[in-house]
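Peer 1: compute the structure for the input listed below.
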Amino acid sequence: MGVAVRVIPCLDVDQGRVVKGVNFTDLRDAGDPVELANAYDAEHADELTFLDVTASSSDRETTFDMVRRTAEQVFIPLTVGGGVRSTEDINRLLRAGADKVSLNTAAIARPELLNESSKRFGAQCVVLSVDARRVPEGGQPTPSGFEVTTHGGRRGTGICAVEWAAKGEQLGVGEILLNSMDADGTKAGFDLEMIRAVREVVDVPLIASGGAGAVEHFAPAVHAGADAVLAASVFHFGQLRIGEVKDAMRAEGITVR
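Peer 2: Here you go, the predicted model:
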């Protein structure tokens, strides 16, 4: 493997606080985002991802302030997403200190936003976040059996998740964050089938998200095709350490940073 695998803690933020739930429901407080970011920096996390899970317009200034405060103290790359609806939103987040911006719902509504963003800021700044699930029984079938969802995985779109990831690459995104909504918060392991399916159709870096619960879960995600592995609650509540995860992957012959 030519490029070292990244380990990325994800901080789901609601009104300036980090929260965590299961399948994006029953959210509970997990701490101050800047304090957690500092802790992860000290633990040698390779990047940090902030996702504003409520992303209402009233919280927007809180998010910009949080990004500013974090960027002033932490010197690892920051990806910020949630409620990003325009190239101007991206511009403001980058100016506040984000290195990359993640797009989801707005890109589904208007895919051209991905191309516009890539041309204006560079592909390296644009991440397509794909919240995907298996098509539920009675749902509209997709070629891959996976569909893109919105509203924290609660609303299906009928869009094939694998085809959407491929289209995102064609439109110029530099990275894909693949979130398994079925696995989110379950700690039962990453959705390896979904990772493999997306890896087959994209060449850009692929971040696997959703389901991490033990150090043994990370290496299989990489072997399935992930270039980076992302987790939230297992890091926030101290069940796993960044170093433990890296050591376990090294033991599996994976190059890590």
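Peer 1: which residues touch stretch 32-45?
Peer 2: In this structure, residues lying in contact with stretch 32-45 by Cβ atoms under 8 Å, 6 or more residues apart in numbering are 7-9, 11, 13, 16-18, 30, 48, 50, 66, 69-70, 73-76, 235-236, 241-243, 246, 257. The way it works is simple: take the backbone N, C-alpha and C, and place the C-beta from them, glycine included.
Peer 1: then stretch 136-148?
Peer 2: Stretch 136-148 is contacted from outside by 108, 130-135, 156-164, 194, 197, using Cβ under 8 Å, 6+ apart.
Peer 1: tell me where this structure has helices.
Peer 2: Using DSSP state H, the helices found in the chain span residues 33-42, 60-73, 87-96, 105-109, 112-121, 161-170, 192-199, 218-224, 233-236, 242-251.
Peer 1: which one is Val201 nearest to, not counting chain neighbours?
Peer 2: In space, and not counting its chain neighbours, Val201 is closest to Ala166: 4.2 Å by Cβ to Cβ, 6 or more residues apart in numbering.
Peer 1: ok so, going back, same list (the helices of the chain) but as CSV, adding distance to Gly211, mean pLDDT and mean neighbour count.
Peer 2: Listed next are these as CSV, based on distance: least, Cβ to Cβ, whole Å; pLDDT from 0 to 100; neighbours: other Cβ atoms under 10 Å:
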stretch, distance to Gly211, mean pLDDT, mean neighbour count
helix 33-42, 20, 92, 18
helix 60-73, 26, 87, 18
helix 87-96, 27, 96, 17
helix 105-109, 22, 94, 18
helix 112-121, 26, 98, 17
helix 161-170, 15, 98, 22
helix 192-199, 9, 98, 21
helix 218-224, 9, 98, 21
helix 233-236, 10, 86, 23
helix 242-251, 14, 97, 17
